[in-house]
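J.: just a sequence and a predicted model for now, questions to come.
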Amino acid sequence: MKNVMILVFFFFLFICPVRAQQLVESGGYAVPVYNFAQIKYLFHPSENNDTTYIFNFWATYCAPCIQEIPYFERIGKELNTQKLKIVLVSLDFRSRIQTSVIPFIKKRTIQLPVVVLNDPDANAWIGEVDPDWDGVIPSTLIVKGNNREFYAKEFTYDELRLLTSKFLEL
């Protein structure tokens, strides 16, 4: 539990200094909830930024999403000394946070930061993440400075590891 609260604190302090719409808590776990306007700057870091950011868009009702989350966790642990930040962006409905998202995090002992993007007008913001994105999940955005790639697909561990290494070397 202490690690999860530390991750939430880390996320608020270093990744997303914007105040969440809501912080949903259950059983010692807390998940921040944002609308797109509050976090859209995250998807466009400064071109001078030498950190690689990986944003995985997922939901607890998406079997392929659940399949690939352990790969993000593994890479986060393996490359924890690198300039790498991985954020799991849940697209679950606000009503499912306490019944699905938090139990999912607890059961699988997710260590990466998890946020819920709760913005009902998805058609207004999906294209801002990537102009070709039709909203399918899982999807992943990888950004480092001016370099950005978007993938509307499920990853294997090897694919994700290769892409992450490629971005870290840029």
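T.: Now that the structure is in, tell me what you want to look at.

J.: do a quick rundown of the strands in this protein.
T.: Per DSSP state E, the chain carries strands over the ranges 22-26, 29-34, 52-58, 84-90, 114-117, 139-144, 147-151.

J.: can you tell me how far residue 76 sits from residue 87?
T.: Using CB to CB, to the nearest Å, one gets 10 Å for the distance from residue 76 to residue 87. Just so you know, the C-beta spots here come from the backbone N, C-alpha and C atoms, and that holds for glycine as well.

J.: anything in contact with each of those two?
T.: residue 112 (CB atoms under 8 Å, 6 or more residues apart in numbering).

J.: residues contacting residue 92?
T.: 59, 60, 61, 100, 101, 116.

J.: and with 10 Å instead?
T.: Contacts for residue 92 (CB atoms under 10 Å, 6 or more residues apart in numbering) come out as 31, 33, 58-62, 99-101, 104, 116-118.

J.: same thing with residue 138?
T.: Contacts of residue 138 were listed using CB under 10 Å, 6+ apart, and they are 56-59, 62-69, 72, 91, 151-155.

J.: need the nearest residue in space to it, chain neighbours excluded.
T.: Distances taken as CB to CB, 6 or more residues apart in numbering place residue 65 nearest to residue 138, at 4.3 Å, with adjacent residues excluded.

J.: fine, thanks again, bye for now.
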